[in-house]
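Peer 1: Take a look and give me a structure for this.
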Amino acid sequence: MINEQYIRFDWAAKRMLRDKANFDVLEGLMTVLIGEEVKIQEILESEGNQEQAEDKYNRVDVMARNSKGEYIIVEVQLTREIHYLERMLYGVSKVVTENIHLGEKYDKIRKVYSINILYFDLGKGSDYLYRGTTRFVGVHTGDELRITDHESDALGMRSPEEVFPEYFIIRVNEFNKVATTPLEEWIAYLKTGDIKADTEAPGLQEARHKLQYMQMSEKERRAYEYHLDQQMAENEMLYTARKEGLAEGHAKGRAEGRAEGEHSKAVESARKMKAKGYSAEDIAEITGLTVEEINCL
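Peer 2: Below you'll find the predicted structure:
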């Protein structure tokens, strides 16, 4: 391990980037994607902010509110989920409905940005970044419905792009370019964990200082390395499944097999850590096993 090794974004988002001192890293990613400077006012808790290793597929969510009062969801998905598009819709809908109260006017609704960083193949396409917005297009004329200046100034009416959610899907595995733009540098970091020493991409300079592996405590490093081992094992199982030509219909069986395999690996890791004198509590935090299971080993 060397000083220039940086913590992977999926781990940082779950454990570190919800700290106000590290907001500038997240702000950089959002600024590059949205195309305007983003300043996070606060990080809000959501049902996806789970901490245990056995949480479903290591789900990661960050929900933030910017200086305009808009909401931004950042989610990192490490393993395949067939109904991920539906989950995106559900997540955005939940933010909208939970942040307007009964009796309030609809002008209180704030725009939601949904940023989805995916480490699995979703759909068919040649790009590594897709952006989705809501547009109203004339069925017969093909023109786009717009809000007039009068409606905006006199009535306070907002145009569709100011109201309806906006989605970003980053297909990390599809990125195979030499990074030359701030966006490409960010995607390269998401894929490899590498950051250029001379980067000027918003947020990545801050990440170079705040997300260094060697700044972690020994306990944090053990947990982080266990996380990486789990992801390597998961990727290997998925690769093997593809090579064997397993059909989509067997997805449930694969998920059950992965769960059993992950539990077996956790037990084996726990045995090794117990032999080295780690406490049952530390082993439980790192492996996701219960203290009772560890005491029985």
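
Peer 1: residues contacting Y128?
Peer 2: Residues in contact with Y128, defined by C-beta atoms under 8 Å, 6 or more residues apart in numbering, are 170-172, 174-175, 187. Yep, even glycine has a C-beta here, placed from its N, CA and C like the rest.

Peer 1: Touching, L183 and L129? I think so.
Peer 2: Yes - contact criterion C-beta atoms under 8 Å: L183 and L129 qualify, at 7.3 Å.

Peer 1: For the contacts of Y128, could you give me JSON lines that also reports secondary structure?
Peer 2: Listed next are these as JSON lines, based on DSSP: H, G, I helix; E, B strand; the rest coil:
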{"residue": "I170", "secondary structure": "strand"}
{"residue": "R171", "secondary structure": "strand"}
{"residue": "V172", "secondary structure": "helix"}
{"residue": "E174", "secondary structure": "helix"}
{"residue": "F175", "secondary structure": "coil"}
{"residue": "I187", "secondary structure": "helix"}
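
Peer 1: So which of those residues is the closest to K265?
Peer 2: V172 (23.7 Å; C-beta to C-beta).

Peer 1: ok, so what distance separates the closest one from T192?
Peer 2: 10 Å (C-beta to C-beta, to the nearest Å).

Peer 1: The two: who's more crowded?
Peer 2: V172 (21 against 13; other C-beta atoms under 10 Å).

Peer 1: I figured that one hits K191, correct?
Peer 2: Yes - V172 is within contact range of K191, at 4.9 Å (criterion: C-beta under 8 Å).

Peer 1: if I've got this straight, V76 is in a strand?
Peer 2: Yes - assignment of V76 by three-state DSSP places it within a strand.

Peer 1: Can you check what pLDDT the model gives it?
Peer 2: pLDDT, V76: 86.

Peer 1: That one reaches D10, doesn't it?
Peer 2: Yes - using C-beta under 8 Å as the test, V76 is close enough to D10 to be in contact (4.4 Å).

Peer 1: what about these two, which has more around it?
Peer 2: V76 (25 against 20).

Peer 1: so how far is R65 from the more buried one?
Peer 2: For V76 relative to R65 (C-beta to C-beta), the value is 19 Å.

Peer 1: Burial check on the nearest residue to G69 once chain neighbours are set aside, number of neighbours?
Peer 2: Nearest non-adjacent residue to G69, counting by C-beta to C-beta, 6 or more residues apart in numbering: R110, 5.0 Å away. Around R110 there are 17 other residues, counting by other C-beta under 10 Å.

Peer 1: now swap in the one 5 residues further on and tell me
Peer 2: When neighbours are defined as other C-beta under 10 Å, I115 has 21 of them.

Peer 1: likewise H140?
Peer 2: 5.

Peer 1: Is it located within a strand, as I assumed?
Peer 2: No - the assignment for H140 (three-state DSSP) gives coil, which keeps it out of a strand.

Peer 1: let's have the chain start at 827 instead
Peer 2: Shifting the count to begin at 827 puts that one at H966.
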